[in-house]
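Q: okay, sequence plus prediction incoming.
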Amino acid sequence: MRIDIITVLPELLKSPFEASIMKRAIEKGLVEVHFHNLRDYAYDKRRSIDDYQFGGGAGMVMMIQPIDDCITKLKSEREYDEIIYMTPDGETLNQPMANKMSMYENIIILCGHYKGVDQRVRDHFITKEISIGDYVLSGGEIGAIVLCDALIRLIPGVLSDETSALTDSFQDNLLSPPIYTRPAEYKGWKVPDVLLSGHAANIDKWREEKAFEHTKNRRPDLLED
Ligand code: ADE
C-alpha cells in the first residue's frame, strides 16, 4: 500500500511513522508513506495556502489551487483507490471501514486546517470524507495518523500471529474479553481458574461469554447492528 499525505505540517506527522508497528511495516516494504508539504505548491512570495472566506466570517479557508496542483500531480503518476479528506463532519471511522481500506493499493489523505478547505476541493477531488470522532481537532494531521495506524496494522504480514488483528475489539462487533498475565495471583487478586485450566474449549467459551457481557455493558449499540 502507498499512502500520500498532503499537509501544511509535515513535521507533526513524521514521528509516529518512525516507531513500533508502522515503522516495521515501512521497513518490511509493506507500506510506503509520502508526505507532501502544501506550501511547495504555493507560488506567491509568501507561499500562501489560505485566504479569507467569501461572504465574511472568522477563520481562513484553504485555497483550491495548491491542493489541485498537488493532487493532480499525484494522480498523473498512479491511480488512487480513494482521495480522503480528514474533517470532523466526515463519516466516523470504524473497524469495517478500516478493514476495507486496508486492502487498497494507493490512497491520498488530505489534512484540513483553519476553517477547512474551499468546498470545490471536496466537490471535485475528494472521494471520501473521514472523521475520527465527534470533536474538533486543530487540523486533520492527528486524524490522518489515527487512520494510517488503523489501516497499516491490518495489512497482511504487518502483525505477527501473536498480535493478530482478528482478535481485536470491534472485529465481529464485539469488544475484547479481559486478559491476564503472570503472576496468577497478585496481592490476593486471582486470575480466573479457567484460564489456567489448559482446557482450550472452556477457555474459548469463557472468552466469548466475557466479550459478550463486556459489549452488552459498555457498547450495547454494537450488538444491535
Ligand atoms: N480535523 C479536525 N477535527 C477532526 C476530526 N474529528 N476528525 C478528522 N479530522 C479532523
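A: Yes, it's here.

Q: just the closest residue of the protein to the ligand, please.
A: residue 143 (3.3 Å; Cβ to the nearest ligand atom). For the C-beta atoms, the positions are set from N, CA and C on the backbone; glycine is no exception.

Q: this structure: strands as residue ranges?
A: Along the chain, counting by DSSP state E, strands occupy 2-7, 32-37, 50-52, 60-62, 82-92, 106-111, 128-131, 185-186, 189-190.

Q: what's the most buried one of those strands?
A: Mean neighbour count, computed with mean count of other Cβ atoms under 10 Å, is highest for strand 106-111 among the strands of the chain, reaching a mean of 24.

Q: related to what we said a few turns ago, looking at the strands of the chain, which is closest to residue 216?
A: Taking Cβ to Cβ as the criterion, strand 82-92 is the member of the strands of the chain that comes nearest to residue 216, at 21.7 Å.

Q: each with direction, which strands does the closest one pair with?
A: Pairing partners of strand 82-92, with direction, according to DSSP bridges: strand 106-111 (parallel), strand 128-131 (parallel).

Q: in CSV, list those strands along with mean pLDDT.
A: Rendered in CSV, the data for those read as follows (pLDDT from 0 to 100):
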stretch, mean pLDDT
strand 106-111, 98
strand 128-131, 98
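
Q: rebuild these as TSV, extending it with distance to residue 216.
A: Below are the strands paired with strand 82-92 laid out as TSV (distance: least, Cβ to Cβ, whole Å):
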stretch	distance to residue 216
strand 106-111	35
strand 128-131	26
